[in-house]
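Trainee: Need coordinates for the following:
(chains A and B)
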2 protein chains.
Amino acid sequence: MTLSKATEIAEISHPDWKTIVDAHDRVRARIHRTPVLTSHSLNQQSGAQLFFKCENLQKTGSFKIRGATNAIFSLSDEEARRGVVTHSSGNHAAAVACAARWRGIPAWIVMPKNAPAVKCRAVESYGGKITFCEPNVTSRAETADRLQSETGAVMVHPYDDDRIIAGQATAGKELLEDYSELEAILAPVSGGGLLSGTCLGAKGVRPDAKVYGCEPERANDAYRSITTGTLQSLETSDTIADGLRASLAPRTFAILRKKVDGILLVSEEEIVAAMKLVWERLKTVIEPSSAVALAPLLRKSGLEELGFTSQSKSGPRIGVIFSGGNVELKW
Amino acid sequence: MTLSKATEIAEISHPDWKTIVDAHDRVRARIHRTPVLTSHSLNQQSGAQLFFKCENLQKTGSFKIRGATNAIFSLSDEEARRGVVTHSSGNHAAAVACAARWRGIPAWIVMPKNAPAVKCRAVESYGGKITFCEPNVTSRAETADRLQSETGAVMVHPYDDDRIIAGQATAGKELLEDYSELEAILAPVSGGGLLSGTCLGAKGVRPDAKVYGCEPERANDAYRSITTGTLQSLETSDTIADGLRASLAPRTFAILRKKVDGILLVSEEEIVAAMKLVWERLKTVIEPSSAVALAPLLRKSGLEELGFTSQSKSGPRIGVIFSGGNVELKW
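Mentor: Down below sits the predicted model:
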């Protein structure tokens, strides 16, 4: 990926508050207002009061249905008739297929030929038409471009798209509407759709709420991009958090550069430990990408890294977005 | 175990409705009224409308806290001062330790020395005093008897106790109170505390509701007892449903013989498949024993086995009690 120039990035605008409110009105009746779980034992372990926004319990098993629904129901009838095309190996693929079925239009989905069988089955169950490609970024983009020109379908990019960002923003908006006293929100970051949306959605409700991105050390492009102020690429990653192997796009980077309060890195061991803790204590199934947003809070220095120094007895009130719950169980 | 004579069994009385209502009043403020989940895809797969009572989300992670709380808060102050003693390798141990802590009294828990570390940690976290024994029924009972005579503590048997049965009855009572249109309830059966309680609690609200017990083929003593009309023993079992390795007691058998509508057996493969489906689709962590109560509904003949022949389009309304969610995750 060519590094975008700072001047170009600075010129990118972002969805305004009205766009996000409109997105919420558009998706509200079609998706779940997901529950928020709390856990006495996780509060004790973190020294904070934690509020878990359970997008793992969202339709299609992840927050991705928010952006996909907003994008697909934003299309004019003429655009919609042509159908939609996207590329994704994971949750965005299922979300686009599902939202397209709701609108009654075709969805062409480009998936790498090594995508997990469970993800392919999910796309097919919603009637998505899968085209397999080689498992690399170039083949993925080329195949999607070819399909788009063959079919005339509308491209719905997984995150470099204002309609998607505005849709993903509704998760953080809901969380702050339900728990307006939250002082900080943690969300995982990959392409940046959820994180940039959370900055816009959460801070739209409570401007002084801090928003932090959480990222695997093994896929640390967002950390490097924010630290250097220049969009950095990620060649490849084998992190267990399979939803976080993409890298920021110019549009999401532009928002994060202005709005995010920091990026926290976590190790693979921390991801697994956090996931196990959630399964055991909250009894809710999250995927590794979700655990990335809890992991920083489980280390001794966690609250300090978030800038909380003198603490009240019960600790600061922190929201954590569990992005999804789609895991392949191998028994 | 000596097989009890039919005449003796017939003379055993069971908790009446007032006893169950009193138990509910006693435990209500201390435990969760657990949520009931539904799943479109599991409805499709079973051909029924399923309502899952989530005792996996109960305090201590299982329904056992209902009976333990009722028993321990039924004690007179004089009895309570002496503390309680029980034997259990699993969820009852944690429940007794937890309820004893709530009442502020000591709890001595006999556990087999091969009990899972996670179960021992749970008991210790509630302040229970563990005494290890050999992993067999004789050593367990002898150790508990010795502890009881040494300490003067009150024995709280895991299921051969009316206070426990009345407490466990509150799960089915809640389910029928919340969903009075349920035609049948399925619950796992081991020692029979939950199943006999469900017969009393559910049928107390809706007398014509059917109640079925679900049992691993590899631990089929309840099936044999109900089929033969004589209490049968279970020497040993290696079923993956580790909560279902006990066998009926005279008291629970006496209730089931009168009240239960049938016992359904499931294979180990069916248990694992049902558990996987729940984790993947409901995104809620259940232990294998819970999956036993769903498994019969996933086979083609499931509804027929329950006596449903001519079906409405949406199928019969059936409640399933998920008994617990305590699993040791090995990553």
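Trainee: Wait, A:E134 touches A:K113, no?
Mentor: Yes. Between A:E134 and A:K113 there is a contact under CB atoms under 8 Å: 6.9 Å. For the C-beta atoms, the positions are set from N, CA and C on the backbone; glycine is no exception.
Trainee: Just name the shakiest helix or strand of chain A by mean pLDDT.
Mentor: Least confident helix or strand of chain A, by mean pLDDT, DSSP states H and E, is helix A:6-10 with a mean of 73.
Trainee: Following that one in sequence, what is the next regular element?
Mentor: Next along the chain after helix A:6-10, taking DSSP states H and E as the criterion, comes helix A:17-27.
Trainee: Off-centre distance for that next one?
Mentor: Put simply, helix A:17-27 sits 17 Å off its chain's centre (CA atoms, centre = their mean, to the nearest Å).
Trainee: Report whether the very next helix or strand once past it contacts chain B.
Mentor: For helix A:17-27, the following helix or strand on the C-terminal side (DSSP H and E) is strand A:36-37. No. Using CB under 8 Å from any CB of the partner chain, strand A:36-37 stays clear of chain B, with a minimum separation of 9.4 Å.
Trainee: Each with direction, which strands does strand A:36-37 pair with?
Mentor: Neighbouring strands of strand A:36-37 in its sheet, by DSSP bridges, are strand A:49-54 (antiparallel).
Trainee: what's the closest non-adjacent residue to A:A184?
Mentor: A:K210 (4.2 Å; CB to CB, 6 or more residues apart in numbering or on different chains).
Trainee: mind checking the SS state of the residue lying closest to A:A48 once chain neighbours are set aside?
Mentor: In space, and not counting its chain neighbours, A:A48 is closest to A:G315: 4.0 Å by CB to CB, 6+ apart. Recorded secondary structure, A:G315: coil (DSSP: H, G, I helix; E, B strand; the rest coil).
Trainee: For burial, what's the neighbour tally of A:G315?
Mentor: A:G315 has 18 neighbouring residues, counting by other CB atoms under 10 Å in any protein chain shown.
Trainee: OK, contacts around it?
Mentor: Residues in contact with A:G315 (CB atoms under 8 Å, 6 or more residues apart in numbering or on different chains) are A:43, A:46-49, A:303, A:308.
Trainee: how about a cut-off of 10 Å?
Mentor: A:G315 makes contact with A:43-44, A:46-50, A:183, A:297, A:303, A:308, according to CB atoms under 10 Å, 6 or more residues apart in numbering or on different chains.
Trainee: now do A:V189
Mentor: Contacts of A:V189 by CB under 10 Å, 6+ apart are A:195-196, A:198, A:212-216, A:219-223, A:225-226, A:244, A:246-248, A:252, A:256, A:260, A:263-264, A:289, A:292-293, A:323.
Trainee: Ok, A:E215 next?
Mentor: Taking CB under 10 Å, 6+ apart as the test, what A:E215 contacts is A:188-190, A:195, A:221-224, A:226, A:239, A:241, A:244, A:263-266, A:292-293, A:296.
Trainee: and with 7 Å instead?
Mentor: Applying CB atoms under 7 Å, 6 or more residues apart in numbering or on different chains, one finds that A:E215 lies in contact with A:189, A:222-223, A:244, A:263, A:265, A:292.
Trainee: Next, work out how far apart A:E11 and A:A254 are.
Mentor: 8 Å (CB to CB, to the nearest Å).
Trainee: Comparing those two, which residue is more hemmed in?
Mentor: A:A254 (22 against 10).
Trainee: and that one, that's in a strand?
Mentor: No. Under three-state DSSP, A:A254 sits outside any strand and is assigned helix.
Trainee: out of everything not next to it in sequence, what's closest to it?
Mentor: Nearest non-adjacent residue to A:A254 (CB to CB, 6+ apart): A:I12, at 3.9 Å.
Trainee: Also A:A141?
Mentor: A:H87 (6.9 Å).
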